[in-house]
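Trainee: quick check, what structure comes out for this input:
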Amino acid sequence: MRIVTAQELESWLASGKVLEKDAKGPKVVALENGLLLKIFRSRRHPFLARLRPDAKRFAERASRLQQMGIQTPRIEELFWVDKVRAVSACLYAPLAGTPLDGQFRESRETFMALLPELAAYILKLHQLGIYFRSLHLGNVLRTPDGGYGLIDFLDIRFKRAPLGRLLVRRNFRHLQSYLQRRKVQGFPWEELLAAYEEQSKASS
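Mentor: Numbers count the residues shown, from 1 in each chain. All right, here's what the predicted structure looks like:
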């Protein structure tokens, strides 16, 4: 992984549009060339993060998900922003689609019609042994082909077998916690769980 120059980074930040940021600075920046710049400020020990940078872990997960038939953004390049502090980054082509949180806000009726599909998609992830801690409406996209895809999956874990009931319940609790933190009103929680159970019975 090359180390991006300060001038190159400054140019990206100056000309791009910041889509996500936190107290430490920009996290996702839309560049003029259509690519997205994603910056990882690792929470792990710098020594471990330098051995296996978060940007590389993100790219590895994207590749594995794609091999499993899950749509993700296409990674273009990996590099260091600050190797001493283990700040890595990647450039990637965004996955076309609409985040489900946007669809929920725009039309509850349309979102309700998508519930069986969403439940089937979550079930597919679970049956593939994918445990996605950051499972929430902003990280799942409805793609132009009528399918679904994932966009922020650094904390994803791959199990050797389909998820058991305990992990399934835990995964849904992550989604419920996200909805509570965001104070999302009127989400059809019981309907989603019922649709998941119905899809699960139909597939067994």
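
Trainee: what sits against residue 158?
Mentor: If a contact means C-beta atoms under 8 Å, 6 or more residues apart in numbering, then residue 158 has 64, 129-131 as its contacts. C-beta here means a position set from N, CA and C on the backbone, and glycine is covered the same way.

Trainee: kindly reformat those as TSV containing pLDDT, neighbour count and distance to residue 202.
Mentor: TSV is the format used below for these (pLDDT from 0 to 100; neighbours: other C-beta atoms under 10 Å; distance: C-beta to C-beta, whole Å):
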residue	pLDDT	neighbour count	distance to residue 202
64	97	15	27
129	97	15	20
130	97	24	20
131	96	18	22
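
Trainee: in helices, which of these appear?
Mentor: residue 64 (DSSP state H).

Trainee: narrow the contacts of residue 158 to those in strands?
Mentor: Using DSSP state E, the subset of the contacts of residue 158 located in strands is 130-131.

Trainee: could the contacts of residue 158 go into CSV alongside distance to residue 175?
Mentor: Conversion of the contacts of residue 158 to CSV gives the following (distance: C-beta to C-beta, whole Å):
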residue, distance to residue 175
64, 22
129, 18
130, 14
131, 13
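
Trainee: any idea which of the contacts of residue 158 is closest to residue 110?
Mentor: Nearest to residue 110 among the contacts of residue 158: residue 130, at 26.0 Å, using C-beta to C-beta.

Trainee: and the closest one, how far from residue 65?
Mentor: 8 Å (C-beta to C-beta, to the nearest Å).

Trainee: shared neighbours of these two, anything?
Mentor: With C-beta under 8 Å, 6+ apart, residue 130 and residue 65 have common neighbours residue 156.
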